[in-house]
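Chemist: Coordinates for the following, if possible.
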Amino acid sequence: MPALLESIPNEWGPKADADAGSATLTRTGPNDILMTAPANMALVMLSPQPNREVALDSDRRTITLAPVGSIEIVPAGSELFARWVVDKENLLVALDQQRLSRLAGEEFQNDSFELQPPRIGGVDRKALRLSHLLREEFQRGEHASPLCFDALITLFATHMLRTYSSLRDRPAERHSGGLAPKTLRMVNDFIQENLAQPLSIGRLAEIAGLSPSHFLRAFRRTLGQAPHQYLLGQRLALVQHLVTTTDLPLADIAAAAGFSSNSHMTATLKRLRGVTPTELRRGGL
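Modeler: Down below sits the predicted model:
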């Protein structure tokens, strides 16, 4: 097991070790983690995480919507707490300090630097592109190339130095063309508060203060999926939460999550998550 990623449970996803550092493609349901970073680490969201709770070297926790492509930087030795309430997929890269210092020396003629974490929820398109390439390599399974992993992690490390270190010589790449953070929070809050109700594109666009066509484009660019896909994911997340933490009748849970009936909820959960509410309640996962 890669030494830099020992604190990440193996069951969360595959790991790869390289000279430049380590990477893991994690997929796990609602969960939380408290850890001290053994190396400089970067986490890129490959699926949206509403109401993600994060604290870095602090008792104060930030709760936010982390869209697809958002990045979190955790400097070595920092204490990280994170909690997520839905199934999620992300790419985590841990960077070897000596290799990172050597890259800094070659790039900036200075091997002394500090990583400077960006605001929570900020989207980094370049980091997302590199994460997609790493995910593709993981998906090759036993045919994955250690040389490719090393090259991609090196590119990721260089991007971190150029964008999130005290040595950077230009501002971080900014997300454009999507929903503004304040608008995104407003829309997400409205969705969470109204999951039991029919929610149309027109109504969500009205909350965002945009035309329906503009809202559709901006929402997809920000979260990486259409509004109806995101809404369905939130409804299923609520179903899983209520089924596993309450004794509410399944018909009541279906109504609370916006499904027309228990059978509709059951069929949708089975199709998309491979499990029924009854199996969830019995602890069949």
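Chemist: Which residue, other than its chain neighbours, is closest to residue 105?
Modeler: Counting by C-beta to C-beta, 6 or more residues apart in numbering, the nearest residue to residue 105 once its immediate chain neighbours are dropped is residue 111, at 3.9 Å. For every residue, glycine as well, the C-beta is placed using N, CA and C.
Chemist: That neighbour: what secondary structure?
Modeler: coil (DSSP: H, G, I helix; E, B strand; the rest coil).
Chemist: residues in contact with it?
Modeler: 101-102, 104-105 (C-beta atoms under 8 Å, 6 or more residues apart in numbering).
Chemist: ok, how many other residues are close to residue 19?
Modeler: 13 (other C-beta atoms under 10 Å).
Chemist: Who are the contact partners of it?
Modeler: Counted by C-beta under 8 Å, 6+ apart, residue 19 has contacts 96, 99, 150.
Chemist: contacts for stretch 277-285?
Modeler: By C-beta under 8 Å, 6+ apart, stretch 277-285 touches 29, 239-240, 243-244, 250, 253, 262, 265-266, 269, 275.
Chemist: One more pass at 10 Å, please.
Modeler: 29, 239-240, 242-244, 246-247, 250, 253-254, 262, 265-266, 269-270, 273-276 (C-beta atoms under 10 Å, 6 or more residues apart in numbering).
Chemist: Figure out how far that stretch is from the centre of its chain.
Modeler: Mean C-alpha position of stretch 277-285 versus that of the full chain (C-alpha atoms, centre = their mean, to the nearest Å) differs by 25 Å.
Chemist: would you put the C-alpha positions of the helix or strand hosting residue 151 in CSV?
Modeler: If you go by DSSP states H and E, residue 151 is part of helix 146-164. C-alpha atoms of helix 146-164 as CSV (Å, rounded to 0.1, in the frame of the first residue of the first chain):
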residue,chain,number,x,y,z
PRO,A,146,3.4,3.3,-13.6
LEU,A,147,5.2,5.7,-15.9
CYS,A,148,1.9,7.4,-16.8
PHE,A,149,1.0,7.7,-13.2
ASP,A,150,4.4,9.3,-12.4
ALA,A,151,4.1,11.7,-15.4
LEU,A,152,0.6,12.8,-14.5
ILE,A,153,1.4,13.2,-10.8
THR,A,154,4.4,15.3,-11.8
LEU,A,155,2.2,17.5,-14.0
PHE,A,156,-0.2,17.8,-11.1
ALA,A,157,2.6,18.8,-8.7
THR,A,158,3.8,21.4,-11.1
HIS,A,159,0.3,22.9,-11.4
MET,A,160,0.1,23.1,-7.6
LEU,A,161,3.3,25.0,-7.4
ARG,A,162,2.4,27.4,-10.1
THR,A,163,-1.1,28.0,-8.8
TYR,A,164,-1.3,27.4,-5.0
